[in-house]
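A.B. asks: Pasting the sequence and the predicted model now:
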Amino acid sequence: MAISLDAGIPSGSIERKWDDYKFSVKLVNPANKRKFNVIVVGSGLAGASAAATLAELGYRVTMLTFHDSPRRAHSIAAQGGINAAKNYQNDGDSVQRLFYDTVKGGDYRAREANVYRLAQVSVNIIDQCVAQGVPFAREYGGLLDNRSFGGAQVSRTFYARGQTGQQLLLGAYQALARQVRLGNVELHNRTEMLDLVVKDGLACGVVARHLVTGAVRSFSGHAVVLATGGYGNVFFLSTNAKASNVTAAWRAHKRGALMANPCYTQIHPTCIPASDDFQSKLTLMSESLRNDGRIWVPTTPNDVRSPDQIPESERDYYLERRYPAFGNLVPRDVASRAAKREVDSGHGVGPIQNGVYLDFGSAVDRLGREVIEERYGNLFQMYERITGEDPYKKPMRIYPAVHYTMGGLWVDYNLMSNVPGLYVLGEANFSDHGANRLGASALMQGLADGYFVLPATIGAHLAPLLGTEPVPIDDPVFRDAEANVDAQVHRLLSVKGTKTVDHFHRELGKIMWDHCGMARSAESLDEALTSIPALRDEFWSDVRVLGENESFNQSLERAGRVADFLEFGELLVRDARHREESCGGHFRVEHQTEEGEALRNDDDFAYVGAWEWTGEGNTPELHKESLTFDNVALAQRSYK
Amino acid sequence: MKTLQDLTKTSDDEAVGSTRRPTNPIRRFWSSAVGKKWVMAVSGLALLGFVLVHMVGNLKIFLGAVHLDEYAEWLHTLGEPALPRTVVLWGMRLGLIAAFGLHIVAAAQLTRMNHKARPVRYQSRRDYVAANFASRTMRWTGVIIALFLLFHLADLSWGTTNPDFVRGNTYDNVIASFERVPVAILYILANIALAIHIFHGSWSMFQSLGWNNPRWNPIRRYFAVTFAAVIAVGNISMPLLVVTGVVGK
Amino acid sequence: MDLNLKVWRQAGPDAVGRFEIYPMHDVSEDMSFLELFDVLNEQLETRGEEPVAFDHDCREGICGSCAMMIDGRAHGPERGTATCQLHLRKLTDRETITVEPWRAAGFPIIKDLAVDRSALDRIVEAGGYITAPTGAARDANEILVAKQASDAAMDAAACIGCGACVAACPNGAGQLFTAAKYSHLSLLPQGQPERFTRVVSMVEEMERWFGSCTNHGECEAACPKEISVNFIAMLNRDYVKAQFKNPALSGQRH
């Protein structure tokens, strides 16, 4: 299939692009808006904000969420904060600087025009959230407080204790709830999208399964918006919620939408290490801990002494040693790889030697326990609850874990995929973070997409459709898609094998983590490219899904998601295999500097790699959107 | 099989509380549980005041017959000469009856609502943390107090259960009544129930009225404990000292 | 450690339920309570029995999905902790742990331990928002909010909507949830214009589903975010105040 990856970036200077675009884009007049039905899938920051805003504008919105309440989407778990170029601290911040930091932090693999727009609307997001009642932290004078985050030299992060994601999501959810009551949004909870419906090349609806009754149902609209989050759970163990999955995006991919840069996965350095095989998920400890904590391992490998028995002279503060300038505050990808190196070389600590120490001993001596308690009390409490160890007495054990995925469905400047009428927002798209996301930027992107970008750009698609009715749901395209969904559900139930869904998920996660995790090599990736299809075959011949379709069947839900991960994981590995460079969250051991840092190849790989589904068993086809950098000079990142 | 939409839809019959609200503001307020709790708090406050004043007046029993009878007579003449005899007393009585009535009706309606709110009870044993004996037994202590009140009126106002009753001889009537051991025990138990009821009620009242200020909140518990203790000690001292012969004719 | 899990099994909303006892052998004390159920479910599935249905998602105590009545307490015995953050090391003194779904008219059972908590969404839809359509906002720093007010609003806003307050309340009342949602908005200057219409509509919606508050305080004790019953007092006071407010005069300063 001939696909041209035209991002449709407006011409003109980067400062003017978004304003010029908004002036030139086709509008739908207020009275006509109610003639359009938009389906929004996913109720996280991007989905909820988009649904609420579209409904406020007058569009009829259908919202699907597989949660019992829209407020449970995983955006709620974001702790740290949200960036915005407000420059309230008068420390030299600007739209230009946020733009620059984001492009650089993303290791020069993001689209300049999108990032600039993101920096521009970041300012409006804070205004909007405050108006909604988001209780951001304040100074005593009543003004908003800020803190700084990794990868930036200014304080531009707005936060609400350690629950910023929760508060922002509640803001969007409340706006959504208001529209539900007004009748502008039709809310379908516990409803999981399982197929995208495309007719004559246009996305015209979705097919979804009700998770309580098993009923399969079609929804038709003039546009479909996917805001279904990231795919970190392909690694089984991640900081994502248990239900986070790639299914909606993957099924859209199988209907023609391109999947871009899936190999860009972010590993967060400060998570609580797994304690045993039964571990179901990993918990993130805020990056802010690295401000006062010192990271070390014993100098002797396999040292099993308790930390207080290890004298200062036998401790290796490896980040401070290797990166004297940034020390414990190097960016996420650098810190993660360094920890992996220590654990791999036998210096790991803890019962199964899978962590490194994050020590607050000297901080407590220097600042006193009270100050530390005030700064990190809730995090220490959380750590104690999970591990049973008191971090005031014994250093924390931490280890990197999969946290965020920068890749996703390919979208143009309008956030529309290559399938006209299909829009993709938030973590589900690939757009703004390049190969590595900066802290506190995920919330910013989700809300920028939902509150400000999509509501402006969707008119370009809808305006020409004025006067057309949505495709009726008894149309053969819907019937076919329903049959397709039914068939997969029954196929899963009819295998009647011997191994549980979780078994396969865990196995897949192991392959992904060992072969395509923090460090990847041609060899390890090739191995994964044979073991994943083998595991997939085993899944389809030996998975055991009990129960029936017509009831609340959580194993069946999970089985469908794991089946998709088994296909998607292969694509992720394939993308990692083809990208012969190291950049951001993608580290190929063949491509590193002498000091072991990521080595980019801008001559050959300064492009977005977007993959096209070519049918089961066929090799996907790669399409390239080349990236040009007119406003930021390409440079090697260094944190020495 | 029910769909989720069915599960979340409630008709008037299925709903726990009112679904259609009256337009009359008083009826609308009364239709709400928060409104009823406010009524319970306000009527409870009035009843607390009554209980306290009633006790203070009756403690004159320890000063002797003259003082108590004088006080009883004063109650009847309250408001004279501006108003005829017993008008103020009757006014107070009517107010009390209204407070009792509202308190009881609201409690009964809220109880019914709360039963509806959990039609299927927990099938395993609950392990309560904050709910104390007083808060969980309010409706039982309330019923005990109401029944006791009827007996108390029959005993000392109407004289129907008191063979030695002589209208107007307040002191003698009280002594005659309390000298009977079962009656004294009844009074003591009823007043323990009253104190328990007051212990929760006089704290809960602040919540229902929304009198809440973090600086003063600890005082609310002290108030409740003190109030309940004062009422218990004061009211129980009378039957106890009479039945043990410390106070008598 | 070894223990017996006594779990409520119920095939569907209208089915008759019963307790089943599952012996669990050699489970680690470091396991979280939900991981114990993961292990149980894998064992059940391997034996060919249907796994226990239960809601869960983030497993870090913020999404509010998990909901279990554990030995008579909503979210189990550890204070300020959601079921997903409860670890077995806190339960070592028990031989049998009884788990049943949350029970309330407003929380109909879907299956086993999973209940439908949509009624909480209905309360928010009724008025738990500030009307601020996207794009109309003025600069964020033009609204001054005293730090203490902002902190108090945040205390209320920490609510994760799990429904433990309803489950724990002897009356099945939804007052703490409603009060938390209400107070979050009504403590802030942005929430003032709609304050008194908000309180009436939220309270009236709440009472369609849930019982009445009689100030036991069980809700606060069960709340994984330890939200104070003081917010209930504020809700009650504002509901009464709302009866006497003339909205036409709300533009006046005094």
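C.D. replies: Alright, I've got the coordinates.

A.B. asks: got a list of what the spatially closest residue to A:Pro307 that is not a sequence neighbour touches?
C.D. replies: Once flanking residues are discounted, A:Pro307 sits nearest to A:Pro395: 5.3 Å by CB to CB, 6 or more residues apart in numbering or on different chains. In short, each C-beta sits where N, CA and C put it, glycine included. Contacts for A:Pro395 (CB atoms under 8 Å, 6 or more residues apart in numbering or on different chains) come out as A:Trp296, A:Pro307, A:Tyr357, A:Leu358, A:Asp359, A:Phe360, A:Gly361.

A.B. asks: Skipping its backbone neighbours, what lies nearest A:Arg217 in space?
C.D. replies: Once flanking residues are discounted, A:Arg217 sits nearest to A:Ala208: 5.9 Å by CB to CB, 6+ apart.

A.B. asks: same check, this time on A:Ala152
C.D. replies: Excluding the flanking residues, the one nearest A:Ala152 by CB to CB, 6+ apart is A:Asp101, at 5.2 Å.

A.B. asks: Near residue 213, how many other residues are there?
C.D. replies: You didn't say which chain, so I picked chain A. By the criterion of other CB atoms under 10 Å in any protein chain shown, A:Thr213 has 20 neighbours.

A.B. asks: I was after chain C.
C.D. replies: Applying other CB under 10 Å, I find that C:Cys213 has 31 neighbouring residues.

A.B. asks: Now for the residue nearest to it when sequence neighbours are not counted: which residues touch it?
C.D. replies: Of all residues not flanking C:Cys213 in the chain, C:Gln175 sits nearest, at 3.8 Å (CB to CB, 6+ apart). Residues near C:Gln175 by CB under 8 Å, 6+ apart: C:Cys165, C:Cys169, C:Met206, C:Phe210, C:Ser212, C:Cys213, C:Cys219, C:Ile232, C:Leu235.

A.B. asks: Tell me which residue in chain A sits closest to chain C.
C.D. replies: Among all residues of chain A, A:Gly142 sits closest to chain C, at 3.2 Å; criterion: CB to the nearest CB.

A.B. asks: Tell me if I'm right that that residue and C:Ala140 touch.
C.D. replies: No - judged on CB atoms under 8 Å, A:Gly142 makes no contact with C:Ala140 at a distance of 11.5 Å.

A.B. asks: And these two? Which one has more around it.
C.D. replies: C:Ala140 (23 against 15).

A.B. asks: Could you look up the SS state of the closest residue to the more buried one other than its chain neighbours?
C.D. replies: Spatial nearest neighbour of C:Ala140, chain neighbours left out: A:Val130 (4.1 Å); criterion: CB to CB, 6+ apart. Here A:Val130 is helix, with the state taken from DSSP: H, G, I helix; E, B strand; the rest coil.

A.B. asks: what about A:Val130, neighbour count?
C.D. replies: Other residues lying near A:Val130 total 25 when counted by other CB under 10 Å.

A.B. asks: so who does it touch?
C.D. replies: Going by CB under 8 Å, 6+ apart, A:Val130 touches A:Phe136, A:Leu144, C:Ala137, C:Ala140, C:Ile143, C:Gln190.

A.B. asks: list the contacts for the closest residue to chain A within chain C?
C.D. replies: Closest contact between chain C and chain A, by CB to the nearest CB, is at C:Leu144 (3.2 Å). Residues near C:Leu144 by CB under 8 Å, 6+ apart: A:Gly141, A:Gly142, A:Leu143, C:Pro189.

A.B. asks: Now stretch B:236-246: average pLDDT?
C.D. replies: For stretch B:236-246, mean pLDDT is 96.

A.B. asks: For burial, what's the neighbour tally of A:Arg255?
C.D. replies: Neighbour tally, A:Arg255, other CB under 10 Å: 17.

A.B. asks: Just the pLDDT at it, thanks.
C.D. replies: Per-residue pLDDT puts A:Arg255 at 97.

A.B. asks: Next one: it from A:Val419, what distance?
C.D. replies: 7 Å (CB to CB, to the nearest Å).

A.B. asks: any residues in contact with both of these two?
C.D. replies: A:Leu196, A:Val198.

A.B. asks: Please verify my assumption that A:Asn146 contacts A:Ala152.
C.D. replies: No - assessed by CB under 8 Å, A:Asn146 is found out of contact with A:Ala152, at 10.7 Å.

A.B. asks: quick one, which of these two is more surrounded?
C.D. replies: Legend: neighbour count by other CB under 10 Å for A:Asn146 and A:Ala152, higher for A:Asn146 (24 against 20).

A.B. asks: And for stretch A:552-561, what's in contact with it?
C.D. replies: A:66, A:192, A:194, A:211-212, A:214, A:233, A:243, A:245-247, A:488-489, A:492-493, A:500-502, A:505, A:543, A:545-547, A:549, C:12, C:41, C:45, C:51, C:53, C:110-111, C:114.

A.B. asks: Among those, which ones are in strands?
C.D. replies: Secondary structure defined by DSSP state E assigns A:Glu192, A:Leu194, C:Ile110, C:Lys111, C:Ala114 of the contacts of stretch A:552-561 to strands.

A.B. asks: Which members of those additionally contact chain B?
C.D. replies: C:Ile110 (CB under 8 Å from any CB of the partner chain).

A.B. asks: Apply the buried test to the contacts of A:Val130 and list what passes.
C.D. replies: Buried by 16 or more other CB atoms under 10 Å in any protein chain shown: A:Phe136, A:Leu144, C:Ala137, C:Ala140, C:Ile143, C:Gln190, out of these.

A.B. asks: can you put the residues you listed in CSV and add distance to A:Gly459?
C.D. replies: Converted to CSV, the buried ones among the contacts of A:Val130 look like this (distance: CB to CB, whole Å):
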residue, distance to A:Gly459
A:Phe136, 31
A:Leu144, 32
C:Ala137, 21
C:Ala140, 27
C:Ile143, 31
C:Gln190, 29
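
A.B. asks: Just name the closest of those residues to B:Pro25, please.
C.D. replies: C:Gln190 (28.2 Å; CB to CB).

A.B. asks: you'd agree that closest one is in a helix?
C.D. replies: Yes - counting by three-state DSSP, one finds C:Gln190 located in a helix.

A.B. asks: What residues does it make contact with?
C.D. replies: Counting by CB under 8 Å, 6+ apart, C:Gln190 has contacts A:Val130, A:Ala131, A:Gln132, A:Gly133, C:Ile130, C:Ala132, C:Ile143.
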